[in-house]
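Chemist: Dropping the sequence and predicted coords here.
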Amino acid sequence: QVHLAQTRPGMTESSEDSATAAPVAQGAPPPPRREGHVDQEASHGDSQAAERGDAPRKTPEDLKLEGNIAFKRAQVLKRTTAGKQYLNDAKACYAEAVSLLGNAPANDHSLSLVCTLHANLAAVFLMEVPPKYKEAHAAADIALAVNPKHVKALYRRAQAALEDEREGLPEASLRAALADLQAAAEAEAENSQVAGEVERIRKRLAALEAARHVPSPAEIVARVPGALLDRGGDLLASHSYAWGQTETTVHVFVPAQGARVAKASLVTVEVRPRALRLVLPRAETAGCGESAATTSTGASTSAPIELAGTLHKLVRPDDCCWQLEDGGLLLHVELAKIAGHAGDAEGAPDGEHWRCVWEGHPETHAPSAEERRHVQRLAEAAGRAAAEEGAEEKRLDKKQEEALRRMRKLCPGVNVEWGDTSLDAFR
């Protein structure tokens, strides 16, 4: 670096060989400068620094260049001792350059350099192990305060907000990152990396919104397998539940209303041999199909859903169970049947069949399992009889065709056909 010193009045610049200056007339032009000439006054500080063994003072641009070289080496040697040292060197160079710029006049060049240096510092903080997300976010904030459309600063502030895609990241952080990425995509529409990040964050936010969405009770019950609702009924409109049964179990389904039930402790299920009580919280706001906060977050609730009363038949409480299904949208209670108990007539065809869950609730008109088996046996018998009758008709048709063939052979030129010549047919 060559520093040019201002010539003092009445003195000329020294030559390379002379250590003294000859006086000249006031205002006389200085002698021509030879190429490569360095002023003694300007080089005096550097000469003293060289004598002390110190390196010449570096400019912010020099420090930025050195920092970039160290950062690239740290990227190549990532997660090694040498890579860590290079990363520290890069951070030191960027920080020193920022410190030097603090005393420089504010102009377009210096402000642009400050913006670039802080964007680079954000990249260094993100690469450290463990990453320093708060420091990276702060450095990117400073860069964007100088240039709000700096693409690298926007991208790195978004990465700092995402915190390496950790689970449980607040939705506000995702939306802040998406805003920065969208701004970067607008500034550089051809940047495929930024576009990919935008699409990925949008999908993650869409998944959060879908998880927060609470379908209507009918939509929730519609996802229940049809076999579990067999021989039951849909009482959502009147009693807020649907049910079905197999030969051994009664299934009761109570869908959530307005909010997901995030904790099993919020649900009450009491099963006795001839009684059942269910209590499920219900959100005060957010109608069916609207988004609502889960009850575990302290959302206000109205009167809970409560179902209680005498069961239609006896159950075995020790064999009964319940669980929250579909992400807290559905309470599923399984009641173990006791078929043929004392209350049933011995050998009654509907000994295992329940006509309702609680006494007094609307009854189902579905046939019992035994009645279905009886109908199935009748249908199978009818099918066999029809098959046998068809086979017999085929045998008769063959005999008739043989007889027609013989008669037509005996009576050539005569139209011989089968017909019914009985008196009943004539009448």
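Modeler: On my side now, so go ahead.

Chemist: What's the local residue count around residue 408?
Modeler: A count of nearby residues for residue 408, using other Cβ atoms under 10 Å, gives 14. Heads up, the C-betas are built off the backbone N, CA and C, glycines and all.

Chemist: where's it, which helix or strand?
Modeler: helix 369-410 (DSSP states H and E).

Chemist: what about the strands in the stretch 151-300 of the chain?
Modeler: Under the criterion DSSP state E, counting those that start in this stretch, the stretch 151-300 of the chain contains strands at 233-235, 241-245, 249-255, 268-272, 275-283.

Chemist: for those strands, which one sits closest to residue 160?
Modeler: With Cβ to Cβ as the criterion, residue 160 lies closest to strand 275-283 of the strands of the stretch 151-300 of the chain, at 35.5 Å.

Chemist: Tell me where this protein is predicted with low confidence.
Modeler: Applying pLDDT under 70 to the chain picks out residues 1-56, 284-301, 339-351, 396, 420.

Chemist: mind putting the strands of the stretch 151-300 of the chain in TSV, distance to residue 95 included?
Modeler: Listed next are the strands of the stretch 151-300 of the chain as TSV, based on distance: least, Cβ to Cβ, whole Å:
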stretch	distance to residue 95
strand 233-235	69
strand 241-245	66
strand 249-255	59
strand 268-272	61
strand 275-283	52
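
Chemist: Please identify the buried residues of the host helix or strand of residue 89?
Modeler: Here residue 89, judged by DSSP H and E, is contained in helix 81-101. Across helix 81-101, burial judged by 16 or more other Cβ atoms under 10 Å covers 83-84, 86-87, 89-91, 93-94, 96-98, 100-101.

Chemist: Can you tell me which helices and strands that helix packs against?
Modeler: helix 60-76, helix 108-127 (3 or more Cβ pairs under 8 Å, 6 or more residues apart in numbering; DSSP states H and E).

Chemist: Can you dump the C-alpha atoms of the last one in PDB for me?
Modeler: Listed in PDB are the C-alpha atoms of helix 108-127, where the atom choice follows Å, rounded to 0.1, in the frame of the first residue of the first chain:
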ATOM      1  CA  ASP A 108     -22.600   4.300  -0.300                       C
ATOM      2  CA  HIS A 109     -19.400   2.200  -0.400                       C
ATOM      3  CA  SER A 110     -18.900   2.000   3.400                       C
ATOM      4  CA  LEU A 111     -22.600   1.200   4.000                       C
ATOM      5  CA  SER A 112     -22.500  -1.500   1.400                       C
ATOM      6  CA  LEU A 113     -19.400  -3.000   3.000                       C
ATOM      7  CA  VAL A 114     -21.000  -2.900   6.400                       C
ATOM      8  CA  CYS A 115     -24.100  -4.700   5.100                       C
ATOM      9  CA  THR A 116     -21.900  -7.400   3.500                       C
ATOM     10  CA  LEU A 117     -19.700  -7.900   6.500                       C
ATOM     11  CA  HIS A 118     -22.700  -8.400   8.800                       C
ATOM     12  CA  ALA A 119     -24.300 -10.800   6.400                       C
ATOM     13  CA  ASN A 120     -21.100 -12.800   6.400                       C
ATOM     14  CA  LEU A 121     -21.000 -12.700  10.200                       C
ATOM     15  CA  ALA A 122     -24.500 -14.200  10.200                       C
ATOM     16  CA  ALA A 123     -23.200 -17.100   8.000                       C
ATOM     17  CA  VAL A 124     -20.300 -17.600  10.500                       C
ATOM     18  CA  PHE A 125     -22.700 -17.800  13.500                       C
ATOM     19  CA  LEU A 126     -24.900 -20.300  11.700                       C
ATOM     20  CA  MET A 127     -21.900 -22.600  10.900                       C
END
